[in-house]
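Engineer: sequence first, predicted coordinates after that:
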Amino acid sequence: MSPSLPISWRMKRLYVRFMLAFLGHGLAKASRSDKIISKETASLRDGFTFSMGVMPNGPELHMRKDNRGLVKVAKPAGKPDLDIQFKHLGHAFGTLSFQEGTAEAFARERMVVDGDIPASMKLVRCFERIEILTLPKLIACRIMRHYPSIKITEKLVGAAQIYLGVMAGFVTGNKK
C-alpha cells in the first residue's frame with residue numbers, strides 16, 4: 001500500500017480485509033457448529049469454491065468446501081464457482097461496517113455476482129445468520145430485511161462458538 005494514499009482509505013482497506021477474514025473463519029466455524037448454516041453449506045457440492053473481494057485489486061476472501069464436506073478458508077486453483085466482487089472499497093466498507101445489508105447492497109448494484117446464483121443466495125443466508133448470532137440485535141435489525149426470533153441462549157452460544165473459531169483461525173493461522 002502506497003504511503004501517499006489517504007489514511008482514511010488505508011484504514012477502510014485494512015478494516016475490509018479484517019472483516020473478510022472474520023467472515024471466512026466465522027463461516028468455517030459456523031458451518032460445523034450452527035445447524036442452520038451447516039444445512040445451507042451441506043447443500044453445496046463438494047469441491048465448491050467461493051471468493052469475495054473488492055474490485056480491482058482489493059482485499060479478498062477465498063473459501064472451499066472439501067470432499068469431507070468441511071468449509072475452509074482456501075484459495076481455489078482456478079476460477080471459483082462463485083465470485084462476488086464489490087465495485088468499490090467504499091461499497092465494501094459500507095456493507096461490512098453494517099451501514100447497509102448485503103441484500104440492499106446487491107439491490108443498489110454495489111456488487112457483481114459471477115457464477116452459481118443459487119449458491120450465492122445460500123451464502124447470503126449464511127452471512128445473515130452469522131450477523132444474527134454475532135451482532136447486537138439493534139445493529140442487526142437495521143441491516144436485515146427480517147430479524148427472526150432467537151433465544152438468547154442460542155444467540156450467546158452461537159456467538160461464542162463463532163468468535164472462538166475466528167480467534168483460533170487468526171491466532172494459529174489455521175485455515176478452518
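Structural biologist: Here it is on my side, so go on.

Engineer: when you work out contacts or count neighbours from here on, use the C-alpha atoms and nothing else.
Structural biologist: Noted.

Engineer: quick one, helices of this protein?
Structural biologist: Using DSSP state H, the helices found in the chain span residues 7-33, 35-42, 89-96, 102-107, 117-134, 137-143, 152-172.

Engineer: what does the third one rub up against?
Structural biologist: Read that as helix 89-96. With contact meaning CA atoms under 8 Å, 6 or more residues apart in numbering, helix 89-96 is reached by 12-13, 15-16, 19, 54-55, 58, 86, 100-102, 105, 110-111.

Engineer: distance between it and the chain's centre?
Structural biologist: Helix 89-96 has its average C-alpha position 13 Å from the chain's average C-alpha position, going by CA atoms, centre = their mean, to the nearest Å.

Engineer: what does the longest one give?
Structural biologist: Here the centre of helix 7-33 is set off from its chain's centre by 7 Å, with CA atoms, centre = their mean.

Engineer: which non-adjacent residue is nearest residue 73?
Structural biologist: Counting by CA to CA, 6 or more residues apart in numbering, residue 73 lies nearest to residue 63, which is 4.4 Å off, once chain neighbours are set aside.

Engineer: the one you found contacts residue 70, doesn't it?
Structural biologist: No: with contacts defined as CA atoms under 8 Å, residue 63 does not count as touching residue 70, sitting 10.3 Å away.

Engineer: more neighbours: which of these two?
Structural biologist: Between residue 63 and residue 70, counted using other CA atoms under 10 Å, residue 63 has the larger neighbour count: 25 against 18.

Engineer: list the buried residues for stretch 42-61?
Structural biologist: Neighbour-count burial for stretch 42-61, with 16 or more other CA atoms under 10 Å as criterion, is recorded at 42, 44, 46-55, 58-61.
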